[in-house]
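> pasting the sequence and the predicted model now:
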Amino acid sequence: MNSINSEVIINYDINTIKDIIILNSNNNVLIEDINKKLKIFTELYNLGFEKIDNIYNDKYTILDNSYKEKINGLTNYYENKILGLKNEYKQEYDIITQNNIKLIELQYSGQLELERYKLTEREREIEELKSTQINTLSNIVNLLDNKNTNIEKGLIGEAIVYNYLYDKIKINHEWSIENVSKDGNNSSDIAIKYKNINCVIEVKNIKTNMTESNIKKFNEVYIHNDIKKYNCGIFISLKSDYGASTCLHDFSIKSINNKYVIYLAHAEVNLEKIIIAMDVLNYLLSLNDNYNDINIIMELLSTQIHNYNCIVSDINKASSALKSSLTNIKKYKENIYKYLNRKQDSNVCIDNMYEVVDNKFKCIICSKSYVNKIKIIEHIESKH
């Protein structure tokens, strides 16, 4: 039984194998056919993809160019828009700027006119000053020709004070100065308005001390001018002091018929005293009429002014000594370099121009003698 089953099984297996072989053979044909078709489909796919890719590339290129054109168009459009807006706003800005300038001009036109008026007034004052100075110089020239030295000195003194005051207080708008000496015998020399004062100024330019006769006309006539209505006065002695008979000294302050008068001495060396005197008068005039301590104030002022004058005097003396010292320093310095730069043969030449007589060095040319050899050398170099 077992042998029969084994045979059957073997037979079955052989038939199956045959079928498989046949099937495999058919499959190989089928696979080969499929492979051929796959190859054809692959080639067709690649070809189709390539065509599709080319189509998309062409479309992309077309679209890219199209969008570039649109972008360029939009860029140009908005650039033109921006440029137009800039021009439009520039025009508006220019209009606003011009309007602002006109507004500023309108706002300051009044002030400009005022400044122009002030400038015109200053130019007029300068021309008047020039005319006054020219007349003064003309008078001086005429007086020099006539050798009238007293009047000449007076005019020079007036010119000194006038020009000093003009330069010192011309920055103040509420002032005026006038040479009134030409107005007649009752007009003194200079009239000035400054702050609270309407002041008459008399100038003396002589070296002798002031006497009662020098001051009398100023005290009794000039200060009481009915036309000018002076409220104070300054008497100025440029070169001298006041005599004992006057009972006055530098910066004396007096009240004559309720008008304060200040007397200045040696004012030429310190013209600033005139400005101080004007400020003192301005202060005194600003005090209340019922002010009880006026005499104390005047005494205190006199003390301080005396101290001020002493210091100024010391400074002037020191200045004079300093100028002399500086002159000598310059002279000695020049001599040092003169001797340093002297050539040797010049010594031989100078030695031949003097001789020693009785222990003195005598110049052969002019016979002038010196005890010191250096002195004879300096003499020869400077004179011969």
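On my side now, so go ahead. Numbering: from 1, shown residues only.
> which stretches in the stretch 101-250 of the chain count as helices?
With DSSP state H, counting those that start in this stretch as the criterion, the stretch 101-250 of the chain has helices at 149-169, 212-220.
> so for L271, which of these sits nearest?
Between L271 and these, the tightest spacing by C-beta to C-beta is seen for helix 149-169, at 4.8 Å. All C-beta spots, glycine's among them, are computed from the backbone N, C-alpha and C.
> avg pLDDT for that closest one?
For helix 149-169, the mean per-residue pLDDT is 80.
> just to revisit the earlier point, dump the helices of the stretch 101-250 of the chain into CSV; add mean neighbour count as well.
Below are those laid out as CSV (neighbours: other C-beta atoms under 10 Å):
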stretch, mean neighbour count
helix 149-169, 17
helix 212-220, 15
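> now do V356 against K375, distance only.
13 Å (C-beta to C-beta, to the nearest Å).
> shared neighbours of the two, anything?
Counting by C-beta atoms under 8 Å, 6 or more residues apart in numbering, no residue touches both V356 and K375.
> just put the helices of the stretch 101-250 of the chain in TSV and tack on distance to I192.
Shown next, in TSV, are the helices of the stretch 101-250 of the chain (distance: least, C-beta to C-beta, whole Å):
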stretch	distance to I192
helix 149-169	6
helix 212-220	15
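> so which of those is nearest I380?
That would be helix 149-169 among these, by C-beta to C-beta, at 41.2 Å.
> tell me the gap between that closest one and the middle of its chain.
Centre-to-centre, helix 149-169 and its host chain are 32 Å apart (C-alpha atoms, centre = their mean, to the nearest Å).
> quick check: which helices or strands does it pack against?
helix 2-146, strand 175-179, strand 190-194, strand 197-204, helix 272-286 (3 or more C-beta pairs under 8 Å, 6 or more residues apart in numbering; DSSP states H and E).
> what's in contact with the third one?
When you say that, I think you mean strand 190-194. With contacts defined as C-beta under 8 Å, 6+ apart, strand 190-194 is touched by 158, 161-162, 165, 169, 172, 174-181, 198-201, 203, 228, 230, 278, 282.
> need the buried ones from the residues you listed selected in PyMOL.
The buried residues among the contacts of strand 190-194 can be selected in PyMOL (16 or more other C-beta atoms under 10 Å) with this line:
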select buried, resi 158+161+162+165+169+175+177+178+179+180+181+198+199+200+201+203+228+230+278
